[in-house]
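Participant: Make a model of this:
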Amino acid sequence: ASRDDQGPSLFGKHVLAVCAMADMVFLGLHGACGEDGRVQAAFDLLGIPYTGAGYLGSGMAMDKAVTKYTMERAGIPTAPWRDIPSYTREDIPWLVEELEIPERTFPLRIRYMYEERLCTVMDVDDREQRVKIKNFTMDPAFRAFGRNEHPSYKDYEEFLESRCFPRSRDKMKIILNELNLPFYDPFLIVQKTEGRMAEDSFWLKIER
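Facilitator: Next up, the predicted model:
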């Protein structure tokens, strides 16, 4: 509903004075003025206690791209997304296609996962030494090849080895025996270990 005094202030007459008398203000506001941090910042400046997130968290949450980046950096699972500044109705079909998992084009498919979230799909033809990828995150830190959108087969081999214990590791033969592998081969190793490493939550899902 529209208030009687249509001034430039975010607050109606006496609203701040009434809020200042409260033990705690319950914020149930919706929309730009109530969720973007401005009300929260005003209350902070006036020393008025309130429920919910502070001004910084509220302001960040209003920007969905910032929210997604923050969640990804914190390791919180979030659905695939793209930061698109503007689009029209005609753009919607190709935007949907951007988020769809493509049909496999080469004999081998590897999904680069972060916990249960898909980050990159790799299709690999070992015989022809060809690689195709599609990323499902905007953050290069969560992509298999970072900012490289067109990795070579050599890039792919180096990536696989990065998801294994190093060739120079002490007692490597013992580890290979435990994996029931006759020699050091990054692909055979990630088949056994799913490319899991102690220092992160990434892993590989192999499909043939």
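
Participant: Three-state assignment for residue 65, please.
Facilitator: helix (DSSP: H, G, I helix; E, B strand; the rest coil).

Participant: my guess is it meets residue 83, correct?
Facilitator: Yes. The pair residue 65 and residue 83 passes the contact test of C-beta atoms under 8 Å, sitting 4.3 Å apart. All C-beta atoms are positioned from the backbone trio N, CA, C, and that covers glycine.

Participant: anything in contact with each of the two?
Facilitator: residue 138 (C-beta atoms under 8 Å, 6 or more residues apart in numbering).

Participant: ok, which stretches of the chain are strands?
Facilitator: 108-114, 117-125, 130-135, 202-207 (DSSP state E).

Participant: Centroid-nearest residue for the protein?
Facilitator: residue 72 (3.4 Å; C-alpha atoms, centre = their mean).

Participant: how near is that residue to residue 83?
Facilitator: 12 Å (C-beta to C-beta, to the nearest Å).

Participant: pull the CA atoms of the helix or strand of the chain with the lowest mean pLDDT into CSV?
Facilitator: Using mean pLDDT, DSSP states H and E, the weakest-scoring helix or strand in the chain turns out to be helix 92-99, at a mean of 75. The C-alpha trace of helix 92-99 is given here as CSV (Å, rounded to 0.1, in the frame of the first residue of the first chain):
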residue,chain,number,x,y,z
ILE,A,92,16.1,-17.8,-23.8
PRO,A,93,16.5,-20.9,-26.0
TRP,A,94,20.3,-20.6,-26.4
LEU,A,95,20.6,-19.8,-22.7
VAL,A,96,18.9,-23.0,-21.8
GLU,A,97,21.1,-24.8,-24.3
GLU,A,98,24.2,-23.3,-22.5
LEU,A,99,23.2,-25.1,-19.3
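
Participant: chain center to that helix, what's the gap?
Facilitator: 18 Å (C-alpha atoms, centre = their mean, to the nearest Å).

Participant: coming back round to it: can you pull the contacts of the closest residue in space to the residue nearest to the centre of the chain that isn't next to it in sequence?
Facilitator: Excluding the flanking residues, the one nearest residue 72 by C-beta to C-beta, 6 or more residues apart in numbering is residue 139, at 5.0 Å. Shown in contact with residue 139 (C-beta under 8 Å, 6+ apart): 69, 72, 73.

Participant: quick revisit: ok and the least confident helix or strand of the chain relative to strand 130-135, angle-wise?
Facilitator: 120 degrees (axes from the mean of the first three to the mean of the last three C-alpha atoms, to 10 degrees).

Participant: Could you give me the buried positions within helix 92-99?
Facilitator: The neighbour-count check on helix 92-99 (16 or more other C-beta atoms under 10 Å) flags nothing as buried.

Participant: ok, residues contacting that helix?
Facilitator: Taking C-beta under 8 Å, 6+ apart as the rule, helix 92-99 contacts 80, 81, 82, 84, 87, 136.

Participant: what's the answer for stretch 195-202, then?
Facilitator: 75, 112, 113, 114, 115, 119, 160, 163, 164, 203, 204.

Participant: Compare those residues and tell me which is most surrounded.
Facilitator: residue 112 (24 neighbours; other C-beta atoms under 10 Å).
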